[in-house]
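Colleague: structure for the following, please:
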Amino acid sequence: MEFSNPIIIWACIGVILVLAEIILPGGIVILLGAACLVVASALAIGLVEGIVQSLTLWFISSMVLLLTFRQVTQKLIGGDAHIGNTDEELDIYDQLAIVKQTIGPAQQMGRVEFQGCEWSALGDGSEIAAGSQVRVICRDNIALVVEPIKAEDEHYVEK
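Modeller: Model prediction:
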């Protein structure tokens, strides 16, 4: 058996890629391996000859298989289709923080502890004393904008 035969080389690469789908699920590697098997078949029956024609056929058949069967393999194999929240502003909105250094009055920055880290913080213009709880409104560059928790909002405060 001659291992320099292009038919055997393309077939081996195709089988390896198809089997690699077990380790790298997602439905792409199996289609690339199937394209290698298409090239090996075309070489065996004499439709193509030479490396340039083989690579061209592999590229074209890969694109056709990927565009045609990607949805089918994705349904069969599955994969992670989770789309995370990309807007961090929504994650921090209406969360509670503790004032570590007095904020205000006016635009004087203070410090708050939020999610285990200390952040620079701006208030609503009033003075917010250290030790009080505040609600995060948004983020301004690397500083959080906070407001004091009002008496009618006490039911939101976790104890």
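
Colleague: could you use CA atoms for every contact and neighbour count after this?
Modeller: Fine.

Colleague: so Thr68, which of the three states?
Modeller: Three-state call for Thr68 (DSSP: H, G, I helix; E, B strand; the rest coil): helix.

Colleague: where in this protein is pLDDT low?
Modeller: Across the chain, residues meeting the criterion (pLDDT under 70) sit at 1-3, 73, 77-82, 85-91, 151-159.

Colleague: according to the record, where do the domains of it fall?
Modeller: Segmentation of the chain into domains, based on automatic domain parsing, reads 6-77, 88-150.

Colleague: would TSV of the ones you listed with mean neighbour count be doable?
Modeller: Formatted as TSV, those follow (neighbours: other CA atoms under 10 Å):
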stretch	mean neighbour count
domain 6-77	17
domain 88-150	18
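
Colleague: against which helices or strands is the one helix or strand Leu17 maps to packed?
Modeller: Using DSSP states H and E, Leu17 falls within helix 6-20. Packed against helix 6-20, as judged by 3 or more CA pairs under 8 Å, 6 or more residues apart in numbering; DSSP states H and E, are the following elements: helix 29-45.

Colleague: convert the C-alpha atoms of the helix it packs on to CSV, please.
Modeller: Provided in CSV are the C-alpha atoms of helix 29-45 (Å, rounded to 0.1, in the frame of the first residue of the first chain):
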residue,chain,number,x,y,z
VAL,A,29,-15.4,19.6,11.1
ILE,A,30,-17.6,16.7,9.9
LEU,A,31,-18.5,18.7,6.8
LEU,A,32,-14.9,19.5,6.1
GLY,A,33,-14.0,15.8,6.4
ALA,A,34,-16.9,15.0,4.0
ALA,A,35,-15.4,17.4,1.5
CYS,A,36,-12.1,15.6,1.8
LEU,A,37,-13.9,12.3,1.0
VAL,A,38,-15.5,14.0,-2.0
VAL,A,39,-12.1,15.0,-3.3
ALA,A,40,-10.8,11.4,-2.7
SER,A,41,-13.7,10.0,-4.7
ALA,A,42,-13.2,12.5,-7.5
LEU,A,43,-9.5,11.6,-7.6
ALA,A,44,-10.4,7.9,-7.7
ILE,A,45,-12.8,8.2,-10.7
